[in-house]
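> Provided below are the primary sequence and the corresponding predicted coordinates.
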Amino acid sequence: MFKLETMIYASEDGTGSVFTLNPALQKQLDALAAQHPEVCQRKAKGEAGGVTYSISDMSLAISSKAFPTS
């Protein structure tokens, strides 16, 4: 089993960065960067497959879709 680590860094001015090894999240962030380059930019890809994105006007939302309900 692999760990698909994601790190989110946020600063007080509203900017931040996201580093992720998760391919599904990379795909979502790539789509966001393509649709809104003024908000999200892909910055660097590491040797281990991790990607860093720069995010402007950063806000974080956790969707209830991510959590199964019984």
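Received, thanks.
> Let's see the distance spanning stretch 12-23 from one end to the other.
Distance across stretch 12-23, first residue to last, is 28 Å (C-alpha to C-alpha, to the nearest Å).
> distance between that stretch and the chain's centre?
From the chain centre to the centre of stretch 12-23 is a distance of 5 Å (C-alpha atoms, centre = their mean, to the nearest Å).
> tell me which element the residue nearest to the spatial centre of the chain falls in.
The structure's the chain has its C-alpha centroid closest to V18; by C-alpha atoms, centre = their mean the separation is 4.5 Å. For V18, the host element (DSSP states H and E) is strand 16-20.
> hey, C-alpha coordinates of that strand in PDB?
C-alpha atoms of strand 16-20 as PDB (Å, rounded to 0.1, in the frame of the first residue of the first chain):
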ATOM      1  CA  GLY A  16      -0.400  29.100  -0.600                       C
ATOM      2  CA  SER A  17       1.000  26.000  -2.200                       C
ATOM      3  CA  VAL A  18       0.000  22.400  -2.400                       C
ATOM      4  CA  PHE A  19       2.400  19.500  -2.800                       C
ATOM      5  CA  THR A  20       0.900  16.200  -3.600                       C
END
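> strands paired with it, and their directions?
Strands that pair with strand 16-20, judged by DSSP bridges, come out as strand 6-10 (antiparallel), strand 51-55 (antiparallel).
> what is the rounded mean pLDDT of that strand?
On average, the pLDDT along strand 16-20 is 93.
> Skip ahead from it and say which helix or strand is next.
Following strand 16-20 toward the C-terminus (DSSP H and E): helix 23-35.
> Cool, thanks, signing off.
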